[in-house]
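Participant: Fold the following.
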Amino acid sequence: MHQNTIVDALFDKIYVVSLPTSLDRRSYVSEHLQKAGLAEFEFHDACGVDHPDVAQFQNAGKVASYPPCFRCGKASCGRTDCNNVLIPPQIATFASYLRLWAKIAATPQRALVLEDDIFFHPHWLDVLERLNREITAGRLLFQPDVPRLLRLGWALNEDHSPEVPFAISDMVKMSNPCHALTSSFAQQALDRFVSINTTPDVYLHRDCPQAGESFTIFPPIASELSWSVGEFQSLIHPKEIRARYLEQQGNGEEAEAQRKLVEIHSKEVAHR
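Facilitator: Modelled structure (predicted):
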């Protein structure tokens, strides 16, 4: 089956979440999707930290404050690699997804949502063909009027091996880099939203779905190039992996600057 055919059979719309100012990412993802045969997609403009929605949520008291740590609910979760307070980029990212869910909910559709550093693995079409067979046979419902979330891609790990057998699981994976949802589920995500008390991936993939509404597809069809590889700078917290990537590219000075950025980056609030 031709890749356009299988994608068209599964999804009505493809959205790429991206800051309008991220020109390097937009250039990359446009080329990557073109090579994958996905010429018809729509950029969903993400909110920057100066977007009015960010201030509106903060002023309305709809953002979790510290203490406690928003991740573990304690004064400290004991992890040195974890931020304990929601910083403006995380609030802006949540606001971006709220706007996207409203867009998807407004029209009956099955939407494929990608982040702008997405990387499709070679087996991606084979997995989608298997998924389409399950849907066509009626063993998995995936239609606009059924609340459904499909987790399709997450941070690079051993799951991404093509040797992993095809499976549909209820295991939770943080799949913001690549997931699909129906307009009905998008509406549920909006209706169940109360405040920004976690990150959008945790809300969407762990907290929001009720029993039977979400499934995870193995092997994942995609990963991303910032958190996993360091090819792109993380737009939330600068990562050490970015420095290692720059070193591998022979950019020693940039790698050193990246490590200094990681060192001085504030991601925790002190509490006594």
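
Participant: which residues make contact with stretch 129-139 from outside it?
Facilitator: Stretch 129-139 is contacted from outside by 1, 6, 9-10, 140-142, 150, 166, 168, 217, using Cβ atoms under 8 Å, 6 or more residues apart in numbering. For glycine as for every other residue, the C-beta is placed from the backbone atoms N, C-alpha and C.

Participant: Could you tell me which of the residues you listed belong to strands?
Facilitator: 150, 168, 217 (DSSP state E).

Participant: quick one: the strands in the stretch 101-250 of the chain?
Facilitator: 110-115, 118-120, 149-153, 167-169, 178-182, 214-218, 222-224 (DSSP state E, counting those that start in this stretch).

Participant: Including mean pLDDT, distance to Leu190 and mean neighbour count, could those go into TSV?
Facilitator: Listed next are the strands of the stretch 101-250 of the chain as TSV, based on pLDDT from 0 to 100; distance: least, Cβ to Cβ, whole Å; neighbours: other Cβ atoms under 10 Å:
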stretch	mean pLDDT	distance to Leu190	mean neighbour count
strand 110-115	98	14	24
strand 118-120	98	24	21
strand 149-153	98	13	25
strand 167-169	98	26	12
strand 178-182	98	12	25
strand 214-218	98	16	21
strand 222-224	97	25	22
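
Participant: and of the ones you listed, who's closest to Ser161?
Facilitator: strand 214-218 (10.0 Å; Cβ to Cβ).

Participant: For Gly252, report the pLDDT, please.
Facilitator: pLDDT, Gly252: 79.

Participant: just Glu256 next, same as before
Facilitator: Glu256 is given a pLDDT of 77.

Participant: Ignoring the adjacent residues along the chain, who's closest to it?
Facilitator: Leaving aside its chain neighbours, Glu256 sits nearest to Ala243 (7.6 Å; criterion: Cβ to Cβ, 6 or more residues apart in numbering).

Participant: residues contacting the one you found?
Facilitator: Contacts of Ala243 by Cβ under 8 Å, 6+ apart are 230, 255-256, 258-259, 262.

Participant: mind giving me CSV with those and columns for neighbour count, secondary structure and distance to Glu40?
Facilitator: Formatted as CSV, the contacts of Ala243 follow (neighbours: other Cβ atoms under 10 Å; DSSP: H, G, I helix; E, B strand; the rest coil; distance: Cβ to Cβ, whole Å):
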residue, neighbour count, secondary structure, distance to Glu40
Gly230, 22, coil, 30
Ala255, 20, helix, 38
Glu256, 13, helix, 42
Gln258, 23, helix, 36
Arg259, 17, helix, 41
Val262, 17, helix, 38
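
Participant: coming back round to it: what is the most widely separated pair among the contacts of stretch 129-139?
Facilitator: Longest span within the contacts of stretch 129-139, Cβ to Cβ: Met1 and Leu141, 21.0 Å.

Participant: Have a look at the chain and report its longest helix.
Facilitator: Among all segments of the chain classified by DSSP state H, the helix with the greatest residue count is helix 88-105.

Participant: Tell me the buried residues in it?
Facilitator: For helix 88-105, burial by neighbour count (16 or more other Cβ atoms under 10 Å) applies to 88-101, 103-105.

Participant: Not counting its own residues, what contacts that helix?
Facilitator: Counting by Cβ under 8 Å, 6+ apart, 13, 15, 17, 44-49, 51, 53-54, 57-58, 63, 111, 113, 181, 183-184, 186-187, 189-190, 193, 196, 199-200, 203-204, 235-236 sit against helix 88-105.

Participant: mind saving the C-alpha coords of it as CSV?
Facilitator: In CSV, the C-alpha atoms belonging to helix 88-105 read as follows (Å, rounded to 0.1, in the frame of the first residue of the first chain):
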residue,chain,number,x,y,z
PRO,A,88,7.1,29.6,31.6
PRO,A,89,8.1,27.4,28.6
GLN,A,90,6.2,24.5,30.1
ILE,A,91,3.1,26.7,30.7
ALA,A,92,3.4,27.9,27.2
THR,A,93,3.6,24.4,25.8
PHE,A,94,0.5,23.4,27.8
ALA,A,95,-1.3,26.5,26.4
SER,A,96,-0.2,25.4,22.9
TYR,A,97,-1.8,22.0,23.3
LEU,A,98,-5.0,23.4,24.7
ARG,A,99,-5.4,25.6,21.6
LEU,A,100,-4.6,22.5,19.4
TRP,A,101,-7.3,20.4,21.2
ALA,A,102,-9.8,23.1,20.6
LYS,A,103,-9.0,23.2,16.9
ILE,A,104,-9.3,19.4,16.6
ALA,A,105,-12.5,19.3,18.7
